[in-house]
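Student: from the sequence below, what's the structure:
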Amino acid sequence: MRNKIIPYRSDLKLFARQLRKNSTLTEVLIWQNIKQRAYGVQFHRQVPMLNYITDFYCHEIGLVIEIDGSSHDHKVLYDAKRQGELEAYGVTFLRFTNEEVKKNMFSVLLVIEEKVRELSA
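Tutor: Numbers count the residues shown, from 1 in each chain. Now for the predicted structure:
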């Protein structure tokens, strides 16, 4: 799985760029902690994959990190379908809510660190 590039719709590239420029507070908070190989691997923000855009993705270990805001409350089936399609490519998902990031950042970062260590082994 190492460095496997997942195909994506080319029209998503521009939209992903716009999302990077307009990150949510919780995305910024996570990014500040995982950028610049903070865990020994490189994450990218707003990465197009298949027909979707993921919040954060590490090609090296095939890990997606998703931050689910209140808009995801009514998108449970969509998120499950999307996650299933990407997992078929060998991608691993970590999901956190906005609340978890804001109130339990230390725990969120520990989970990320543990998963990176597990997938890097």
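Student: surely residue 13 meets residue 46?
Tutor: No: Residue 13 is not in contact with residue 46 according to C-beta atoms under 8 Å; the separation is 9.9 Å. C-beta here means a position set from N, CA and C on the backbone, and glycine is covered the same way.
Student: so between the two, which is more surrounded?
Tutor: Between residue 13 and residue 46, counted using other C-beta atoms under 10 Å, the more crowded position is residue 46 (21 against 12).
Student: now for the helix or strand encompassing the more buried one, which elements pack on it?
Tutor: Per DSSP states H and E: residue 46 is located in strand 44-49. Strand 44-49 sits against helix 12-21, strand 52-58, with contacts defined as 3 or more C-beta pairs under 8 Å, 6 or more residues apart in numbering; DSSP states H and E.
Student: adjacent strands (with direction) for the host helix or strand of residue 96?
Tutor: Using DSSP H and E, the element containing residue 96 is strand 92-97. Strand pairing for strand 92-97, determined by DSSP bridges: strand 63-68 (parallel).
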